[in-house]
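Asker: Prediction below, plus the sequence it came from.
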Amino acid sequence: MKQTRLMKILVRAGLALAGAACAVAAATALAQETTTTTTTAGGAVSATTSTTSLSGTGVVTAYTPGSDYITFRSEADTAPVRYYYTKTTPIVDVEGKTVEWSALRPDMPVSYTYVRQGDRMVVTKVTLQKPITVYEKTTTTTTTTQP
């Protein structure tokens, strides 16, 4: 089969694009942690679940106690993004101590790990970048008594 000059150019361009796509996929895979769980029943595979953990850094833009989501603004993106969390999602300070969700305030710098579940991003861990004492407000009340 005789190939024309245009056909050769298209084949080479296709190979170059495929190589670039593989390089991007490999770089992305290195930045992710993947866990695969396989359930077997009687030696046969009955279900396989794959979860890829991603991570990010940014600041808390909104958190409402009692809601099921929190919004972060990442360092790379100016628009806040909504992440969902569960009752078991831990928040820890820089020393690794567990912190209550009620301690979260807007503009707190954090790093977070999350997974994609369908069209949702679910936070699996939030780590504060500064000790919680930096954010605590102290209120002083002075009482004056008359003699």
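Answerer: Alright, I've got the coordinates.
Asker: Using the three-state scheme, assign Y112.
Answerer: Three-state call for Y112 (DSSP: H, G, I helix; E, B strand; the rest coil): strand.
Asker: Quick check: it touching V81?
Answerer: No. Between Y112 and V81 there is no contact under Cβ atoms under 8 Å: 10.5 Å. To be clear about C-beta, it is placed using only N, CA and C from the backbone, and glycine gets the same treatment.
Asker: Looking at those two, which one has more neighbours?
Answerer: Y112 (23 against 15; other Cβ atoms under 10 Å).
Asker: ok, and the closest non-adjacent residue to that one?
Answerer: Excluding the flanking residues, the one nearest Y112 by Cβ to Cβ, 6 or more residues apart in numbering is V126, at 4.9 Å.
Asker: Then the one you found would be within a helix, right?
Answerer: No. Using three-state DSSP, the secondary structure at V126 is strand, not a helix.
Asker: Tell me the secondary structure at I9.
Answerer: helix.
Asker: What number of residues are in the vicinity of it?
Answerer: There are 10 residues near I9, going by other Cβ under 10 Å.
Asker: Can you check the pLDDT for it?
Answerer: Each residue has a pLDDT score; the one for I9 is 72.
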